[in-house]
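# Provided below for reference: sequence and predicted model.
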Amino acid sequence: MSTPHNAAKLGDIAKTVLLPGDPLRAKFIAENFLENPVQFNTVRNMFGYTGTYQGKKVSVMGTGMGMPSLGIYVSELFKFYDVDRVIRIGSAGAYSPDCELFDLVLAQGACTDSNFAYQYELNGTYSAICTFDLLLKAYEEAKKNNMRVHVGNVFSSDLFYSAHPENWKKWADMGCLAVEMETYALYCLAQQYHKEALTILTISDSFITHKETTAKERETGFTNMMKVALKLA
């Protein structure tokens with residue numbers, strides 16, 4: 001079968017899928033880390049590949065930017081392709097002075113300004129959290145390899161450009177380590193479909209120091225999170 005957004009047939013995609021936002025990062029991972037990668041999707045240039053890593057079948061696919069885009073691809077992976085776990089590998093802007101460029105952030109939970117969870121008709125505010133077993137394994141793998149790693153809350157924003165550019169400080173004051181745009185939806189969907197999920201982020205820029213990485217570094221230079229994610233497959 002296929003969907004309007006994915007040309008794969010059932011069986012083309014592994015039980016574990018790595019999810020970078022950037023489809024070119026998916027291509028980089030497939031070409032540099034997977035053995036015998038086969039491309040299963042090019043629809044809308046949202047590249048997806050399946051290969052093996054250390055003998056294990058694993059897939060990698062882009063999701064695009066933001067919760068609506070990720071929501072489409074993750075829903076289809078869970079609902080139509082029998083995927084068991086997804087690991088987001090993305091970039092993030094540091095809210096904490098402890099987070100430096102290229103540090104890893106493991107998103108234990110996600111706050112948001114999105115209305116993504118309205119669909120569940122909950123009478124309150126839903127706290128979106130990761131799968132603890134994946135979190136623990138990722139943390140142990142990062143520490144074993146002497147990677148700089150932080151664990152905690154992140155802020156999943158609907159806005160890249162805000163009309164109130166200083167609002168980030170309020171989320172930082174409440175302990176959010178960094179900002180990105182997808183994790184809250186990812187964790188909601190994992191709970192909805194009773195699947196496993198974890199977000200591993202690399203700090204690409206800092207709201208504190210105003211340092212930032214280049215587009216090329218974001219595409220090909222964030223290899224530590226890729227290595228950690230592949231170990232979880």
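That came in fine, so what should we check first?
# CA atoms for contacts and neighbours, from now on please.
Noted.
# element containing Ser96?
Here Ser96 is covered by no helix or strand, with elements defined by DSSP states H and E.
# that's a helix at Ala30, yeah?
Yes - when classified by DSSP: H, G, I helix; E, B strand; the rest coil, Ala30 is found to be part of a helix.
# Could you give the number of residues near it?
26 (other C-alpha atoms under 10 Å).
# And the closest residue to it other than its chain neighbours, how far from Tyr161?
Counting by C-alpha to C-alpha, 6 or more residues apart in numbering, Pro37 is the residue found nearest to Ala30 once chain neighbours are left out, at 6.0 Å. The spacing between Pro37 and Tyr161, counted by C-alpha to C-alpha, to the nearest Å, is 36 Å.
# Looking at those two, which is more packed in?
Neighbours per residue, other C-alpha under 10 Å: of Pro37 and Tyr161, the larger number sits with Pro37, 22 against 8.
# on that earlier part again, what helices or strands is the helix or strand that contains the residue nearest to Ala30 leaning on?
Pro37 belongs to strand 35-41 when assigned by DSSP H and E. Contact analysis of strand 35-41 by 3 or more C-alpha pairs under 8 Å, 6 or more residues apart in numbering; DSSP states H and E lists strand 48-53 as its packing neighbours.
# Next, the buried residues of the helix or strand following the strand it packs on.
Reading on from strand 48-53 to the C-terminus, the next helix or strand found by DSSP H and E is strand 56-61. For strand 56-61, the neighbour count (16 or more other C-alpha atoms under 10 Å) marks 57-61 as buried.
# Likewise for stretch 46-56?
With burial defined by 16+ other C-alpha under 10 Å, the residues of stretch 46-56 counted as buried are 46-53.
# can you pull the contacts of the residue located most distally from the centre of the chain?
Relative to the mean C-alpha coordinate of the chain, counting by C-alpha atoms, centre = their mean, the farthest residue is Asn123 (27.4 Å). With contact taken as C-alpha atoms under 8 Å, 6 or more residues apart in numbering, Asn123 is in contact with no other residue.
# where exactly do the helices run in this structure?
23-33, 67-80, 132-144, 168-173, 183-192, 215-220, 223-231 (DSSP state H).
# of all the ones you listed, which lies closest to Asp12?
Across these, Asp12 has its closest neighbour in helix 67-80 (11.1 Å, C-alpha to C-alpha).
# got the CA positions of that closest one in CSV?
As requested, the backbone C-alpha atoms of helix 67-80 are provided in CSV (Å, rounded to 0.1, in the frame of the first residue of the first chain):
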residue,chain,number,x,y,z
MET,A,67,4.0,19.7,14.2
PRO,A,68,1.5,19.6,11.3
SER,A,69,4.1,18.1,8.9
LEU,A,70,5.5,15.7,11.4
GLY,A,71,2.0,14.7,12.4
ILE,A,72,1.2,13.5,8.9
TYR,A,73,4.3,11.3,8.5
VAL,A,74,4.4,9.8,12.0
SER,A,75,0.7,9.0,12.0
GLU,A,76,1.1,7.2,8.7
LEU,A,77,4.2,5.3,10.0
PHE,A,78,2.3,4.1,13.1
LYS,A,79,-1.1,3.5,11.4
PHE,A,80,-0.2,2.1,8.0
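# got the buried residues for it?
Along helix 67-80, these residues count as buried under the neighbour rule (16+ other C-alpha under 10 Å): 67, 70-71, 73-78.
# do you know how far the residue nearest to Ala30 is from Leu159?
In this structure, Pro37 and Leu159 are separated by 34 Å, where distance is defined by C-alpha to C-alpha.
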